[in-house]
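Undergrad: Starting from these lines, generate the structure:
(2 chains)
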Amino acid sequence: MKSGSNRIEAVVTDVVTVNDLVKRFHFQRVDGGLLPTFSGGAHTVVEMRDGDRTRLNPYSLMSSPLDTHDYTISVRRDDVGRGGSLFMHNQVKPGHRMIISNPVNLFSLDLRARKHLMIAGGIGITPFLAQTSQLAGRGGNFELHYSVRNEALASYADVLKQRHGKRVNIYRDDHEERLDLPTLLAGQPLGTHLYVCGPSGMIDWVRKTAADAGWPVENVHYEHFAAPQPGKPFEVTLAVSGIGIHVGENESLLEAIETAGLNPPYLCRGGVCGQCETNVISHDGKFLHNDHWLSDEDKAAGCKIMPCVSRFEGKSLVLER
Amino acid sequence: MTIKSRPVYGTLTPQAGTSHLLIADAEGAAAILDLAKKAPAGFFASAEIMYFPGSEDRHHVDALKALAPQKFYEGPSFAAALPRLRQILEEAHMGLRLYVAGTEVLISQVELAANAVGVDHRAIQAEHRGSLARRVQCVHCKGITENVTTQPYTCSHCGLLLLVRDHYSRRIGAFQGVCINAEDPTEIPEKEEIFR
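TA: Numbers count the residues shown, from 1 in each chain, chains lettered A, B, ... in the order given. This is a model prediction of the structure:
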């Protein structure tokens, strides 16, 4: 089965303004049936048809995995991004028909854990909404630590407090509330698994602090979708297909390859899963690697590129596609 | 041809951590002594060693004690010490690192105990030393036989003659034994001692 081809015809049943930056979208199947089963931490790829261009962006499912009559996602508005979040905020209304992908989980709970310790920053809260619902439903042991800019932008803090009480701890930047991570990590029972989702600086800080405190990498899970960044347009030759393509300023290389009529495999479209990894046949110029997948050696060698998030600047680029 | 589930073991290497639990049987003591050469100063001040000498002579016990670990425990067998190990694991905090060296039987049992409290086997430093004897589960009666050294072997539960495969279950902590003469039970291949 080809990945990425499992598309679901969905209709937007509700759009809710959560705060100044975040809107929540509810999806149901057009045919009224149940959506596929998923586990906490899964995402769906939403296809946005905006005039003659199509964007496909991954969003974590935040609704309870115990209820698949609808899927909900939350979208944080990014005024300087490629326009996907602005399209969702400004164009998508209840009744809008959209194609979404089957759920894929690259940030799943390790259910062997004796305890689940979750660290969220900002919109990184969304996968934890689903994970905490999943764990609470089966009596799981978890604790959530959620950092927000201020009360007004603390998306779902109230819902989480109401659902899970003392298991949820909120830290407000504007009140100088700070998570004391080294102390928190030192007090966890053996067999605790740590999950972090938020800005990349936060993920790096948590991973480093955990490694220094003697946490094995097997117990530390993180998810950071790199949104494709806009950049200078560039030309690419697809050697296998024998065609040349143009990658526009606000378009990802993967999207340009798809526009040319090819269907390369993908799952996350955020530089995490590795599905769209593409071999470089030759290049004269500089890679802008934005993924979390390729090793530093591969990036330095210039032998591979992740077309979902990475770009190129230079004279020529020939890919094995 | 190697079966993918056949475990591959490494060499004990000191890990960043707040405390360390090192478990060894027989020849496994030598792996701890080798690790000591690479360990940072103060490593053993926060370390506990659990050692099962078996029939080994006493010099390993003395050498391990000379490392001056915070605690040293010597026991007659892993099975006898399992409640003690479980208690240590249940009371421990993250930051404790696990090391196991010696027979595959010991490694498998430590991995199982650690797994029960949510520690992945990949988070455990494991080094194989000494006997190649295997813990094998009969796929027919599910009975487990410890310290299997011959190929084939006779199931100590149901009596079938079993081929020991490289197929390994981490959930059970044992290799798989499959009847070697199911078509013709009168055909009895000679046993060879190959897992010594």
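
Undergrad: Name the residues of chain B found near chain A, please.
TA: Chain B comes close to chain A at residues B:15-18, B:89-90, B:92-97, B:115, B:117-120, B:122-123, as judged by C-beta under 8 Å from any C-beta of the partner chain. (C-beta placed from N, C-alpha, C; glycine too.)

Undergrad: so which strand or helix has A:His292?
TA: Assessed by DSSP states H and E, A:His292 sits outside every helix and strand.

Undergrad: any idea of the pLDDT on it?
TA: pLDDT for A:His292: 86.

Undergrad: swap in A:Pro228?
TA: For A:Pro228, pLDDT reads 84.

Undergrad: Pull the number of nearby residues for the residue nearest to it when sequence neighbours are not counted.
TA: Setting aside the residues directly before and after it, A:Pro228 is nearest to A:Ser252 in space (C-beta to C-beta, 6 or more residues apart in numbering or on different chains), at 3.9 Å. Using other C-beta atoms under 10 Å in any protein chain shown, A:Ser252 has 27 other residues around it.

Undergrad: Please report the distance of A:Ser252 from A:Ile245.
TA: 12 Å (C-beta to C-beta, to the nearest Å).

Undergrad: repeat for B:Ser19
TA: 56 Å.

Undergrad: Chain B contacts on chain A?
TA: A:110, A:112-115, A:185-193, A:211-219.

Undergrad: follow-up on the earlier one: could I have the ChimeraX command that selects the buried members from the residues of chain B next to chain A?
TA: In ChimeraX, this line selects whichever of the residues of chain B next to chain A come out buried by 16 or more other C-beta atoms under 10 Å in any protein chain shown:
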select /B:17,89,92,93,94,95,96,97,115,117,118,119,120,123
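
Undergrad: Tell me which of the residues of chain B next to chain A fall in strands.
TA: Members of the residues of chain B next to chain A lying in strands (criterion: DSSP state E): B:Leu96, B:Arg97.

Undergrad: Let me see the contact set for A:Gln188.
TA: A:Lys115, A:Leu117, B:His93, B:Met94 (C-beta atoms under 8 Å, 6 or more residues apart in numbering or on different chains).

Undergrad: hang on, the third one packs against A:Leu184?
TA: It stands for B:His93. No. Using C-beta atoms under 8 Å, B:His93 is not in contact with A:Leu184, being 11.4 Å away.

Undergrad: Report the buried residues of stretch A:310-321.
TA: For stretch A:310-321, a neighbour-count test (16+ other C-beta under 10 Å) marks A:Ser310, A:Arg311, A:Phe312, A:Leu317, A:Val318, A:Leu319, A:Arg321 as buried.

Undergrad: closest to B:Lys37 among these?
TA: Among the buried residues of stretch A:310-321, A:Ser310 lies closest to B:Lys37 (C-beta to C-beta), at 43.7 Å.

Undergrad: residue contacts, that closest one?
TA: A:Leu253, A:Gly271, A:Phe287, A:Leu288, A:His289, A:Asn290, A:Asp291.

Undergrad: From B:Thr11, how far off is it?
TA: A:Ser310 is 37 Å from B:Thr11, by C-beta to C-beta.

Undergrad: For chain A, give me the ranges with low pLDDT.
TA: A:1-5 (pLDDT under 70).

Undergrad: Nearest residue to the middle of it?
TA: Residue closest to the average C-alpha location in chain A (C-alpha atoms, centre = their mean): A:Phe225, at 3.8 Å.

Undergrad: Tell me the secondary structure at that residue.
TA: coil (DSSP: H, G, I helix; E, B strand; the rest coil).

Undergrad: ok, for it, nearest residue in space, not its chain neighbours?
TA: A:Gly270 (3.1 Å).

Undergrad: Just to check, that neighbour is in contact with A:Trp293?
TA: No. Counting by C-beta under 8 Å, A:Gly270 sits too far from A:Trp293 to count as a contact (9.7 Å).

Undergrad: Those two: who's more crowded?
TA: A:Gly270 (26 against 22).

Undergrad: So which residues of the stretch 151-300 of chain A form helices?
TA: Ranges of helices in the stretch 151-300 of chain A, per DSSP state H, counting those that start in this stretch, are A:157-164, A:181-186, A:200-212, A:253-259, A:296-301.

Undergrad: Deepest-packed of those, please.
TA: The highest mean neighbour count among those, using mean count of other C-beta atoms under 10 Å in any protein chain shown, belongs to helix A:253-259: a mean of 21.

Undergrad: That one - contacts with which helices or strands?
TA: When contacts are defined as 3 or more C-beta pairs under 8 Å, 6 or more residues apart in numbering or on different chains; DSSP states H and E, helix A:253-259 packs onto strand A:53-60, strand A:234-238, strand A:243-247.

Undergrad: Mind listing residues that contact it?
TA: With C-beta under 8 Å, 6+ apart, helix A:253-259 has contacts from A:53-56, A:228, A:236, A:238, A:245-248, A:251, A:264, A:266, A:269, A:276, A:305, A:307-308, A:310-312, A:321.

Undergrad: Tell me how far B:Gly143 lies from B:Arg135.
TA: B:Gly143 is 12 Å from B:Arg135, where distance means C-beta to C-beta.

Undergrad: Those two - which one has more neighbours?
TA: Taking other C-beta under 10 Å, B:Gly143 and B:Arg135 do not tie; B:Arg135 has more neighbours (21 against 15).

Undergrad: Surely that one and B:Val105 touch.
TA: Yes. Counting by C-beta under 8 Å, B:Val105 is a contact partner of B:Arg135 at 4.8 Å.

Undergrad: Overlap of the contact sets of these two?
TA: In contact with both B:Arg135 and B:Val105: B:Glu146, B:Asn147, using C-beta under 8 Å, 6+ apart.
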